[in-house]
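A.B. asks: quick check, what structure comes out for this input:
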Amino acid sequence: MGEALIHNTIWFILLFPLLGVLINGFFGRRLGKRVVGIVGPATVGLSFLAACGMFWGVVQSHYAVVSPLYSWITVGDFDVSLALRADPLSSLMTLVVSGVGFLIHVYSVGYMAEDERFTRFFTFLNLFAFSMLLLVLGNNFLVMFVGWELVGLCSYLLIGFWFEREAPADAGKKAFLVTRIGDFGFALGVMLIFATFRTLNFDQVFASAPEVLAVGGTIATAITLLLFTGAVGKSAQIPLYVWLPDAMEGPTPVSALIHAATMVTAGVYMVARTHVLFELAPLSMSVVAWIGVLTAFFAATIALVQNDLKRILAYSTISQLGYMFVGVGVGAYGAGIFHLTTHAFFKALLFLGAGSVMHALSGELNIQKMGGLKDKIPWTYWTFLAGALALSGFPFFSGFFSKDEILWKAYENAGLALWLVGIVTAFMTAFYSFRAVFVPFWGQSRLDKKVAHHVHESPRVMIVPLVVLAFLALLGGYVGLPHFLGSSAIEGFLSPVFEEGAHHAAEAGAHAANVGLEVAFLLISVVVALSGIGLAYFMYVAKPTLPVKLAKGLGLLYTLLSNKYYVDELYMAIAVNPLKGLAGWLARIFDARGIDGLVNGLAAFFGWSGQTTRKVQTGSVRNYALSMLLGVVVLVGYFVLR
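C.D. replies: Here you go, the predicted structure:
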């Protein structure tokens, strides 16, 4: 029953958004905005319904089901099928991608209503959803890689959607180029996997990996570090995170889709999917965890002082992705995917809330030019507040459960150091989350008079997705309750993928022994979150003049943080400008004088030789007769004297 249901639904998950691409792409202009605004969200909504059917089939089947379409590439021993995989991990990911993606599509109908390229926008947005769904459903590394590259293409198209403006065009190119660095490593990793296993099929690779690869061996470490390089680029970790803050130049629904349901979660999913390989490379696991926690801390420090509302959220995404990598890096794959799921809810909510603020304020994003908005746009305020509570780890909101689970697992599996950096980052997260609430929504209005006159709540088509996401931000964490309160539903559901079922009894005994310590760490997380919120209230509500004084007192440190550690300037100095200089030299010297000089020189030589030899063509019969006579004399002399 379950397997039949999976086969009957899995391909429709991809088919519906692809139909949206084709209908809107080829016929959208003729159909008009109204029809496009129905087709775009409806196709992703139908994909979500199909994903629900597949999810129920997975619940019933209790094992992975592969649905092949046809043999895609067969060359020698290289045989790759176009096949999709349904298991607990892929079914959960498809629910997140299609479900949150559907809400973002609905919101976009209102947000992009006046844009002249409305049809193109929904075509690209449907393609983005299709690409991410292909990535998470693929049953081999090549299908995953196709989806991986397609989401990169879609990010370029959508971040630079308003390409007539310089900033979005540059941001799109930056995202494309920076992620290509990571993708090159990912491609090398896939090639090394085939060279090692002679297959790219997940089941075959993972089944033979313990026999083929030595634990801690060079090949296992090389494969996993190359794969993680791709994750670093796609999921915006140190040092390839620099594209994500600039991605804010695209339309706000694009930011929500990238940060919540697609693209940046691809790296976390990939590491979780290939956990069998990573567990054979302890060094790679440590690299994943430490890159994650350092990225979380680093991005959070930058978010503390940003004034652009969307950039605060962008650096928050980089930081939260770091937490997810901590989870998968310490072997708590279920916890990492749990935080990926809850983060999709509250981060989509926060970005769409920021878009609602922009809609109300004619595009304004500087929180220092806001203030007093909570009574003017109450639906936006209350839903944004719900997202901030979840992000900050406020008790009983979704982020509280998922983030605390990662912190606990980091301590339990890797020791105090990772937990300590993570808990300090949690304090900063709570602080900047509520700075983004108190400064724009509380206090006195600092709005420009022209803007203040037109402040209005967003239309219902934008508010309804915010309300739905707010409920998910509140309730989504209850699928992963702490172990001392019972079994975690989400980890239990994912356990067949991560092979934890066999160790359930041993883990239960260990958890029983650590209940007191886990409760203590949970209480520490509560105190840290409340302290961060309290400090934000003290600085921005009770003592609103204090931040200015503190910024002056911090001097160079504040300047360093507000300028994002000058990382972009450093990259420009050590990489971009030297490469541009090299390209200029190659264009002026090597290309113009070398390649063009050689080609033009050959042309000039043959032109000169032609001009010279044409002089023998005089048109005089006597000259031709004399030439023939001389030729005969030379030939006769040669044969006589030989």
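
A.B. asks: which stretches in this structure count as strands?
C.D. replies: 65-75, 78-86 (DSSP state E).

A.B. asks: closest to Ala604 out of those?
C.D. replies: strand 65-75 (46.2 Å; Cβ to Cβ). (Each C-beta comes from the backbone N, C-alpha and C, glycine too.)

A.B. asks: the closest one pairs with which strands?
C.D. replies: strand 78-86 (antiparallel) (DSSP bridges).

A.B. asks: I'd like the strands of the chain laid out as a markdown table, including distance to Lys409, mean neighbour count and mean pLDDT.
C.D. replies: Formatted as a markdown table, the strands of the chain follow (distance: least, Cβ to Cβ, whole Å; neighbours: other Cβ atoms under 10 Å; pLDDT from 0 to 100):
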| stretch | distance to Lys409 | mean neighbour count | mean pLDDT |
| --- | --- | --- | --- |
| strand 65-75 | 29 | 13 | 89 |
| strand 78-86 | 26 | 20 | 92 |
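
A.B. asks: residues making contact with stretch 303-310?
C.D. replies: With contacts defined as Cβ atoms under 8 Å, 6 or more residues apart in numbering, stretch 303-310 is touched by 248, 252, 255, 312, 315-316, 319, 351, 354, 357, 365-368, 428, 431-432, 435-436, 440, 551, 558, 561-562.

A.B. asks: same question but for stretch 433-443, I mixed them up
C.D. replies: 304, 309, 312-313, 316, 357, 367-368, 370-374, 381, 384-385, 388-389, 391-392, 532-533, 536-537, 539-541, 544.

A.B. asks: would you show me how to pick out the buried ones of those in PyMOL?
C.D. replies: Restricted to buried positions by 16 or more other Cβ atoms under 10 Å, the PyMOL selection for those reads:
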select buried, resi 304+309+312+313+316+357+367+370+371+372+373+374+381+384+385+388+389+391+392+532+533+536+537+539+540+544
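
A.B. asks: circling back: with respect to Leu641, which of the strands of the chain lies nearest?
C.D. replies: strand 65-75 (63.5 Å).

A.B. asks: coming back round to it: from the contacts of stretch 433-443, which land in helices?
C.D. replies: 309, 312-313, 316, 357, 381, 384-385, 388-389, 391-392, 532-533, 536-537 (DSSP state H).

A.B. asks: the residue nearest the centre of the chain - nearest residue in space that isn't next to it in sequence?
C.D. replies: In the chain, the C-alpha nearest the mean C-alpha coordinate belongs to Val264, at 1.7 Å (Cα atoms, centre = their mean). Leaving aside its chain neighbours, Val264 sits nearest to Ser235 (5.0 Å; criterion: Cβ to Cβ, 6 or more residues apart in numbering).

A.B. asks: give me phi/psi at that neighbour?
C.D. replies: Dihedral angles of Ser235 (phi, psi; degrees, to the nearest 10) stand at phi -100, psi 20.

A.B. asks: my guess is it meets Thr262, correct?
C.D. replies: No: Ser235 is beyond contact range of Thr262, at 11.3 Å (criterion: Cβ atoms under 8 Å).

A.B. asks: for the residue found closest to Gly336 once you drop the neighbours it is linked to in the chain, what are its contacts?
C.D. replies: Excluding the flanking residues, the one nearest Gly336 by Cβ to Cβ, 6+ apart is Gly327, at 3.0 Å. The contact partners of Gly327, by Cβ under 8 Å, 6+ apart, come to Gly292, Tyr333, Ala335, Gly336, Ile337, Phe338, His339, Glu405, Ile406, Lys409, Ala410.

A.B. asks: for the residues you listed, which one is nearest Leu522?
C.D. replies: Glu405 (9.6 Å).
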